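Participant: what's the 3D shape of this:
(one chain, ligands or ions: 2)
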Amino acid sequence: MTTATNLLDFDLEGLAAFCERLGEKRFRATQLFRWIHQRGASDFTQMTDLAKSLRGKLAGVAQVQGLPVITQHISADGTIKWLFDVGDGNAVEAVFIPEDDRGTLCVSSQAGCAVGCRFCSTGHQGFSRNLSTGEIVAQLWFAEHFLRKHLGRDERIISNVVMMGMGEPLQNYAALVPALRTMLDDNAYGLSRRRVTVSTSGVVPMIDRLAQDCPVAMAVSLHAPNDPLRDDLVPLNRKYPIAELLAACKRYLDHAPRDFITFEYCMLDGVNDSDAHAQQLIDLVRSQGVSCKFNLIPFNPFPASGLLRSPAPRVQAFARTLADAGIVTTVRKTRGDDIDAACGQLAGDVKDRTRAADRMAQRRTVMMQRAGAPAARPAMTQEH
Ligand code: SAH
Ligand code: SF4
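Facilitator: Ligands and ions are numbered 1, 2, ... in the order given. Presented below is the predicted three-dimensional model:
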């Protein structure tokens, strides 16, 4: 119906250019940006310190368009999951995980995912489409301002963002970068580069580009210590094998705000979780000389995967082997269990919302587990 430009699609530079096209001074964009992101405003008439002429022009051509919320689940531990409608029967999820010293939002970058990892239900659903910058930012915009109202606090609630929701962020690079810039901008969310994490299955050329365009903390989904196994689990490995990926990680560290890469490793029973695998991992990171930490993720099973979660003692033993070799290793803990909503598992089809809700109730949380111990966690201590 409307062709109005969504201002959530712009980082500050983009908004300044938009204001210029309207015949306005660039600095007006900063005021507008603050109203939208810092104060959560979407109604131009509220923006009382903006020139009336600008407000009038904006009303005709622009809007601040968030995403409709399909469902919201609040867990007893404070974890909140939202399912957002992105149209055409697609939905994406965002999860807020409160902790004592931070609030983390896990954000989606695509509806579905084209990488097709064996252990990931988003991957099993296939790819629907890239999210726009506005749709990525809308998750943070909504969550931050909802939380301020919900918690009755007038200060920033979300301190960390992890791009660990649905989708491969580095396969949606053009939309991702302005979204990251908005997260980092002091006139918007003002997040530290160290507290914004891009998680990738290993899109090597885009790791290099991100280092130049917008370096933030990096998590790499490794999941296997050798190419044959990783080819099978993460099909993108056939294009960008482990040696190339680790070389890209090393290059990235020259620009990164943190001095290590977080390797995510999903623990799959009898597949990648033996002592021999742990030893191979140690040899691998030593031989490549990548400064890293490991985050072991207990697999969140779903029937179509045909895979099982490694038993807890196996995960612990694996973690100990890595730690004994001097590699900082954490095991991700589950959050929001009681709302057991199928994060990352619904997105394919919300045309039939009743069925979607049923499925949601049945399936286990993926994204909360992914986000339960944010990849940024190990380095937090460095910040205090
Ligand atoms: N596409 C990006 C980011 C989204 S996935 C990536 O792959 O890194 C975020 C994390 O969740 C990844 O480490 C992914 O491997 C993990 N993950 C996916 N499915 C999972 C499952 N069923 N159980 C546990 N972790 C899973
Ligand atoms: Fe895509 Fe990440 Fe899932 Fe792999 S793990 S299919 S890259 S979302």
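Participant: Let me see the ranges of the strands in the chain.
Facilitator: Here the chain has its strands, by DSSP state E, at 5-6, 62-63, 69-74, 80-87, 90-99, 102-106, 110-112, 127-130, 160-163, 196-200, 217-221, 261-267, 292-298, 329-331.
Participant: mind listing what the first one pairs with, with the direction of each?
Facilitator: Spelled out, it's strand 5-6. With DSSP bridges as the test, strand 5-6 is paired with strand 62-63 (parallel).
Participant: Could you do the fifth one as well?
Facilitator: The strands beside strand 90-99 in its sheet (DSSP bridges) come out as strand 80-87 (antiparallel), strand 102-106 (antiparallel).
Participant: tell me which residues of the first one are tucked away?
Facilitator: Of all the residues in strand 80-87, those buried under the rule 16 or more other CB atoms under 10 Å are 80-86. Glycine gets a C-beta too; all of them are placed from N, C-alpha and C.
Participant: And those, which two are furthest apart?
Facilitator: Ile80 and Val86 (18.8 Å; CB to CB).
Participant: Stretch 188-196 close to ligand 1?
Facilitator: No. For stretch 188-196, no contact with ligand 1 is found by CB under 6 Å from any ligand atom; the gap never falls below 13.6 Å.
Participant: Enumerate the residues of the stretch 51-200 of the chain near ligand 1.
Facilitator: Residues of the stretch 51-200 of the chain lying near ligand 1 (CB under 6 Å from any ligand atom): 119-120, 164, 168, 199-200.
Participant: what's the closest non-adjacent residue to Val92?
Facilitator: Distance criterion CB to CB, 6 or more residues apart in numbering; nearest residue to Val92, sequence neighbours excluded, is Ser108 at 3.9 Å.
Participant: I'd assumed Gly167 was in contact with the one you found.
Facilitator: Yes. The criterion here is CB atoms under 8 Å, and Ser108 meets it with Gly167 at 5.6 Å.
Participant: Find residues that contact each of these two.
Facilitator: Common contacts of Ser108 and Gly167, defined by CB atoms under 8 Å, 6 or more residues apart in numbering, comprise 92, 131.
Participant: List the residues that contact whatever residue of the stretch 1-150 of the chain ends up closest to ligand 2.
Facilitator: Closest approach of the stretch 1-150 of the chain to ligand 2 (CB to the nearest ligand atom) occurs at Gly123, with a separation of 2.6 Å. Going by CB under 8 Å, 6+ apart, Gly123 touches 113, 115-117.
Participant: Go through those residues and give me the one with the most neighbours.
Facilitator: Using other CB atoms under 10 Å as the neighbour criterion, Cys113 leads the contacts of Gly123 with 26 neighbours.
Participant: Which parts of the protein are helices?
Facilitator: Ranges of helices within the chain are 12-21, 27-33, 52-61, 121-125, 133-151, 173-184, 204-213, 227-233, 242-253, 275-288, 312-324, 353-362, 367-372, 377-380, based on DSSP state H.
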